[in-house]
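Visitor: Generate a structure from the sequence data that follows.
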Amino acid sequence: MAGRSRIRTDLALEATERFQEENVEVHGVEIRERYDEEKDVRTTVVRITTENGARTMGKPQGTYITIEAPDLSVPDEDYHREISEEVAHHLRELIDLGRQQSILVVGLGNQEITADSLGPRAVSNLHMTRHVIREYGLKSNEHMKMHQISGIVPGVMAQTGMETLEIVRGVVSETKPDVVIAVDALAARSTTRLNRTIQITDTGISPGSGVGNHREGLNEENLSVRVIGIGVPTVVDAATIVHDSMAELLEALEEDEQKEFLEEMISPKLYTMFVTPKDVDETVRYLSFTISEGLNLAFSDSLIEEDRS
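Guide: Next up, the predicted model:
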């Protein structure tokens, strides 16, 4: 197997790029791209519509929305607010907030490890309303009614001794949300996308998949409720960095010779090592606010004025 194909990525966009580089057309995969020059934001929607497309891509059928924003790594509050609005817009497209009244947000990851703490941090910044509604009824305001927003940070197996799916399944069974939103840190193929990209998908999410620590997936099949996944790549496979650096030095070789050489030279140990930027602590902190603000903005549209007529 070629070195490139062994490098992990959670981004559907990067999976399509691999086939585009090899001039291979994948049937059952639709790609639509939009670029906002003023905001410098590129949005790519990948739809996997057939079983053949899912097998080829190695990802479930569904919609994958990728927001690429180079300045996400910069602590610019106005810019992050614009990205939050973009996130909210796409969430409203994927979720029927008029009908799905109860939403459980799951913050995946280990909050003790900075690069893996995006999910827990995002949940801690959410405006929770389920307890208010249960305490005071659906009408928490004379003329307004709200969605029931709740959240959980299930931790990781090393901390709890339980599969994340087991914990979330129990919470879903007890609280019966209409939709689950899972937030997690991802792994990227390209170092340029670290902390600068947000992926939103209606196929759910597999905790730990990006770093090769595969756990049971949080998806509709396993939870019997619709699951939306939101993630930001915060780590990159160490083998990616070595591969890309060496590939530039080997441009004179034929492609097959490059692959064979890289296959032999890249140590298998590098595929179990992951690299993150040195300022990841600060970056993850404001990225978590960007995600949570996007969720809060999406749910704020659920404050629906009642018909007074």
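
Visitor: Enumerate every residue touching residue 79.
Guide: Contacts for residue 79 were tallied using Cβ atoms under 8 Å, 6 or more residues apart in numbering; they are 39, 69, 71-72. Yep, even glycine has a C-beta here, placed from its N, CA and C like the rest.

Visitor: what about 6 Å?
Guide: residue 71 (Cβ atoms under 6 Å, 6 or more residues apart in numbering).

Visitor: again with residue 287
Guide: Contacts of residue 287 by Cβ under 6 Å, 6+ apart are residue 232.

Visitor: Residue 27 too?
Guide: Contacts of residue 27 by Cβ under 6 Å, 6+ apart are residue 52.

Visitor: Kindly report the same for residue 219.
Guide: 204, 227.

Visitor: Which other helices and strands does the helix or strand hosting residue 122 contact?
Guide: Element membership for residue 122, per DSSP states H and E: helix 118-124. Counting contacts by 3 or more Cβ pairs under 6 Å, 6 or more residues apart in numbering; DSSP states H and E, helix 118-124 is packed against strand 102-107, strand 179-188, helix 280-300.

Visitor: Dump the C-alpha coordinates for the helix or strand following it into CSV.
Guide: Sequence-wise, the next helix or strand downstream of helix 118-124 (DSSP H and E) is helix 130-136. Output in CSV follows, covering the C-alpha atoms of helix 130-136 (Å, rounded to 0.1, in the frame of the first residue of the first chain):
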residue,chain,number,x,y,z
ARG,A,130,-33.7,21.7,29.0
HIS,A,131,-33.6,22.2,32.8
VAL,A,132,-35.3,25.6,32.6
ILE,A,133,-38.1,24.1,30.4
ARG,A,134,-38.6,21.2,32.7
GLU,A,135,-38.7,23.5,35.7
TYR,A,136,-41.0,26.2,34.4
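
Visitor: Deepest-packed of the helices and strands packed on helix 118-124, please.
Guide: Of all the helices and strands packed on helix 118-124, strand 179-188 has the most neighbours on average by mean count of other Cβ atoms under 10 Å, namely a mean of 27.

Visitor: For it, which strands pair with it and how are they oriented?
Guide: strand 102-107 (parallel), strand 226-237 (parallel) (DSSP bridges).

Visitor: Nearest approach to residue 274 belongs to which of these?
Guide: Closest of these to residue 274 is strand 226-237, at 4.1 Å (criterion: Cβ to Cβ).

Visitor: still on that earlier bit, distance to residue 192 for the strands paired with strand 179-188 - can I get that in TSV?
Guide: Below are those laid out as TSV (distance: least, Cβ to Cβ, whole Å):
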stretch	distance to residue 192
strand 102-107	26
strand 226-237	10
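
Visitor: Any chance of a markdown table for those, columns mean pLDDT?
Guide: Formatted as a markdown table, those follow (pLDDT from 0 to 100):
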| stretch | mean pLDDT |
| --- | --- |
| strand 102-107 | 96 |
| strand 226-237 | 92 |
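
Visitor: Going by residue numbers, what spans are strands in the chain?
Guide: 29-36, 41-48, 62-68, 102-107, 144-145, 148-152, 179-188, 197-201, 226-237, 274-275, 304-305 (DSSP state E).

Visitor: Packed most tightly, which of those would that be?
Guide: The most buried one of the strands of the chain (mean count of other Cβ under 10 Å) is strand 179-188, showing a mean of 27.

Visitor: what angle do that strand and helix 280-300 make?
Guide: 150 degrees (axes from the mean of the first three to the mean of the last three Cα atoms, to 10 degrees).
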